[in-house]
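*Asks:* the amino acid sequence is not available; the structure is as follows:
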Ligand SMILES: Nc1ncnc2c1ncn2[C@@H]1O[C@H](COP(=O)(O)OP(=O)(O)OP(=O)(O)O)[C@@H](O)[C@H]1O
């Protein structure tokens, strides 16, 4: 189910392969509208023996100079004349815009021709320049490429939907306006943005028009579901989200516009444009990612304002996206009570232009004063829950101790050989990924197929071997996760790994990288002093990566050889103390039983830089679902076992009465007070 794409992606990241289109949630399958745009070369290529080294802006410039290709330097792209435009087109009245219409991404080398919509990788571009591109160069290939836009399904839905004001029943209009919060949005605005309503699906329909002509390339449907007084919304797109690259509002942008506001929801763009008159665009996948394929469309703007939402996640996403667009031209609207989503701001009668004027520059110099930080500090203080990070849904005990999973941190994870480190960390990362954390896996020891099998089993929480008829159901859902794998196996140079991670952060907005395990980057040094020095260096590099990219890195490190009878400690991590010093969190999978809880393992949080709480909790392994999390129905059993076990050896020392779960312990401060491990029953 996994396919390696090289086109546009020189770093061998595995992407899920999708057969037919499936809506993000709930829409019927089998409506594939075909590829949304022409690709110069898009078929899956066989696995590469060696990873291709990433290209750099300097190398791209050098190549263009060597081949006498003129170029202009932009914010995220280099612009050159397009070899994919027929020479005759260059002579028409649009010659000014078509002459430098090829945009080459400075970071990936991927290109997009804005005139013909041809796109491809840096290798494809070079092949075309050197006349090797499947025997085609200079537009030959394009003149043969079939037009693939305007799928039947897209048109069928579009034709069945109607402008809201044309609904025959005024009550239905009022209901729709109330459900979607449109009472202050005028018909004029809805008309300008060509928003329609699909009655049978109770959904607003947002079109994706081709930048050339009036072709429809796709649609986004926003469905309102009423639950008593509450309304919840569900989005679905054609084509599937990973191919849905609609910057909603693009047809309204004039070539002379130098400023734009980016939003995360189409209705926010309507509200903003209506009340401020500013050009607005909506990111196709909201705060979850900004695909580099969209960057060429944003090159023309001298100033880009992000107003993505009212929570810390929107703020983090805006900072991440600003890096791609060149932070010097970006400003961010800080989320807060008085700065909610634009649509809500309009409905509450707030002054949207004034809020836009308070947007903060995304760019900080290397040295900043508190004055520049005070707004960010306020943001954290007024969103304390969110500042503590994303909470695990399967591991409430981790939430109690670590409070959440935060960006930019380094977690070091260790445990005895064969104790289940990979299995545990797989579920820990899957939990976050299922909640929308874009995750990149570097599994150097076990193959990606095996890892994906473990993850899929954990995802489905059942033995899929026995239910193969359900495989497609689970695999389809699993495919929708924002999950990517590096294809490295065995020993690998740290530089190559970091370059791959950097690329993934840029292309897929990765927020969590899992490296299993660090020993595979340490080369073949035999002397233990060399090995320790190598490990220190590598840990330092990962630390810097996490901080620089505001991306969480979870690093699995083997412990040093110790007496089997002793439980591991922070000092048992292989190497010098560097790993534990650099880490924000240290987790240890202990291969023995806690007196207080069930299961043959327990997890120890032995360092937590966020608030200092450390502690332990039991892990019970479920062999059929390969999970360590405890399903709710087992809670009673946990209690029973505890009752049978009699009083615990040591009482929790947290002082946070009532906050400590029955079987886990939290200790404030650096020195954990552990349960007495039940060494009478060594496991494994
Ligand atoms: N608590 C457990 N009890 C029994 N079996 C387990 C447990 N946890 C994991 N396993 C099984 O043990 C095997 C090894 O697990 P895993 O690969 O996760 O260990 P590891 O600690 O990462 O190994 P290594 O030290 O080689 O990296 C797997 O088949 C897994 O399903």
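*Replies:* That came through fine. Because the structure is predicted, anything quoted here is derived from the model rather than measured.
*Asks:* CA atoms for contacts and neighbours, from now on please.
*Replies:* Noted.
*Asks:* what segments of the stretch 201-350 of the chain are helices?
*Replies:* Assigned helices in the stretch 201-350 of the chain, in chain order: 266-276, 295-298, 312-325, 342-347 (criterion: DSSP state H, counting those that start in this stretch).
*Asks:* backbone phi and psi for the closest residue to the ligand within the stretch 151-300 of the chain, please?
*Replies:* Across the stretch 151-300 of the chain, the shortest distance to the ligand (Cα to the nearest ligand atom) belongs to residue 288, at 29.4 Å. Per-residue torsions, residue 288: phi -80, psi -30 (degrees, to the nearest 10).
*Asks:* how many other residues sit next to it?
*Replies:* Per other Cα atoms under 10 Å, the neighbour tally for residue 288 reads 20.
*Asks:* tell me the pLDDT of the spatially closest residue to residue 629 that is not a sequence neighbour.
*Replies:* Spatial nearest neighbour of residue 629, excluding adjacent residues (Cα to Cα, 6 or more residues apart in numbering): residue 394 at 5.5 Å. On pLDDT, residue 394 comes in at 94.
*Asks:* then residue 384?
*Replies:* Looking at residue 384, its pLDDT reads 74.
*Asks:* can you give me the strands for the stretch 451-600 of the chain?
*Replies:* Per DSSP state E, counting those that start in this stretch, the stretch 451-600 of the chain carries strands over the ranges 483-486, 512-516, 552-556, 585-590.
*Asks:* any chance of these in a markdown table, with mean pLDDT, distance to the ligand and mean neighbour count too?
*Replies:* Listed next are those as a markdown table, based on pLDDT from 0 to 100; distance: least, Cα to the nearest ligand atom, whole Å; neighbours: other Cα atoms under 10 Å:
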| stretch | mean pLDDT | distance to the ligand | mean neighbour count |
| --- | --- | --- | --- |
| strand 483-486 | 93 | 17 | 22 |
| strand 512-516 | 96 | 8 | 24 |
| strand 552-556 | 97 | 9 | 25 |
| strand 585-590 | 94 | 9 | 24 |
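*Asks:* how many other residues sit next to the closest residue to residue 207 other than its chain neighbours?
*Replies:* Leaving out its chain neighbours, the residue that sits closest to residue 207 by Cα to Cα, 6+ apart is residue 219, at 4.7 Å. Per other Cα under 10 Å, the neighbour tally for residue 219 reads 23.
*Asks:* same check, this time on the one 10 residues further on
*Replies:* A count of neighbours around residue 229, defined by other Cα under 10 Å, yields 5.
*Asks:* likewise for residue 388?
*Replies:* 18.
*Asks:* what pLDDT does it get?
*Replies:* 87.
*Asks:* ok, it - contacts?
*Replies:* Applying Cα atoms under 8 Å, 6 or more residues apart in numbering, we find residue 388 in contact with 403, 404, 405, 406, 610.
*Asks:* not counting sequence-adjacent ones, nearest residue to the residue in the stretch 251-400 of the chain positioned nearest to the ligand?
*Replies:* Nearest residue of the stretch 251-400 of the chain to the ligand: residue 395, at 15.4 Å (Cα to the nearest ligand atom). Closest residue in space to residue 395, ignoring its immediate chain neighbours: residue 629 at 6.1 Å, by Cα to Cα, 6+ apart.
*Asks:* and that neighbour, what does it touch?
*Replies:* 394, 395, 619, 620, 621.
*Asks:* now render these as CSV, adding distance to residue 85, neighbour count and secondary structure.
*Replies:* Below are these laid out as CSV (distance: Cα to Cα, whole Å; neighbours: other Cα atoms under 10 Å; DSSP: H, G, I helix; E, B strand; the rest coil):
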residue, distance to residue 85, neighbour count, secondary structure
394, 53, 19, coil
395, 55, 18, coil
619, 61, 26, strand
620, 62, 18, coil
621, 60, 19, coil
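*Asks:* does stretch 426-436 come close to the ligand?
*Replies:* No - interface with the ligand: stretch 426-436 contributes nothing (Cα under 6 Å from any ligand atom), its closest point being 8.3 Å away.
*Asks:* tell me which residues in that stretch are buried?
*Replies:* Within stretch 426-436, the residues scored as buried using 16 or more other Cα atoms under 10 Å are 426, 427, 428, 429, 430, 431, 432, 433, 434, 436.
*Asks:* check those residues for the minimum pLDDT and say which it is.
*Replies:* Lowest pLDDT within the buried residues of stretch 426-436 is found at residue 436 (92).
*Asks:* and the stretch 351-500 of the chain, which residues reach the ligand?
*Replies:* So far as Cα under 6 Å from any ligand atom goes, the stretch 351-500 of the chain lies against the ligand at 417, 418, 419, 420, 421, 422, 423.
*Asks:* isn't the fifth one up against residue 414?
*Replies:* Yes - using Cα atoms under 8 Å, residue 421 is in contact with residue 414, at 7.1 Å.
*Asks:* can you tell me the strand partners of the longest strand along the chain and which way each runs?
*Replies:* Counting residues, the longest strand found in the chain (DSSP state E) is strand 216-227. Strand pairing for strand 216-227, using DSSP bridges, gives strand 203-209 (antiparallel), strand 230-238 (antiparallel).
*Asks:* deepest of those strands, which one?
*Replies:* strand 203-209 (a mean of 23; mean count of other Cα atoms under 10 Å).
*Asks:* who touches that strand?
*Replies:* If you take Cα under 8 Å, 6+ apart as the criterion, strand 203-209 is touched by 158, 161, 194-198, 215-224, 246-248, 251, 266.
*Asks:* ok so, going back, measure the residue nearest to residue 207 to residue 194 for me?
*Replies:* According to Cα to Cα, to the nearest Å, residue 219 stands 11 Å off from residue 194.
*Asks:* tell me who's in contact with the most centrally placed residue in the chain.
*Replies:* For the chain, residue 438 is the residue whose C-alpha lies nearest the centre (Cα atoms, centre = their mean; 2.7 Å). Counting by Cα under 8 Å, 6+ apart, residue 438 makes contact with 288, 482, 483, 508, 509, 510, 511, 512.
*Asks:* so how far is the ligand from it?
*Replies:* To the ligand, residue 438 is 22 Å away according to Cα to the nearest ligand atom, to the nearest Å.
*Asks:* which residues touch residue 589?
*Replies:* 413, 414, 415, 416, 419, 420, 421, 601, 602, 603, 604.
*Asks:* residue 176: which of the residues of the stretch 351-500 of the chain next to the ligand is nearest?
*Replies:* The shortest approach to residue 176 among those belongs to residue 423, at 47.0 Å (Cα to Cα).
*Asks:* out of the contacts of residue 589, show me where the pLDDT dips lowest.
*Replies:* Of all the contacts of residue 589, residue 601 carries the smallest pLDDT score, 85.
*Asks:* backbone torsions only: list them for it.
*Replies:* Dihedral angles (degrees, to the nearest 10) for residue 601: phi -130, psi 160.
*Asks:* residue 624 too?
*Replies:* According to degrees, to the nearest 10, residue 624 has phi -80, psi -30.
*Asks:* isn't it right up against residue 459?
*Replies:* No - the pair residue 624 and residue 459 does not pass the contact test of Cα under 8 Å, sitting 11.9 Å apart.
*Asks:* which of the two has more neighbours?
*Replies:* Between residue 624 and residue 459, residue 459 has the larger neighbour count (other Cα under 10 Å), namely 21 against 13.
*Asks:* how about the more buried one, what does it touch?
*Replies:* 430, 474, 478.
*Asks:* interface residues of this structure facing the ligand?
*Replies:* 417, 418, 419, 420, 421, 422, 423, 621, 626.
*Asks:* now list the buried members of these.
*Replies:* 419, 420, 421, 422, 423, 621, 626.
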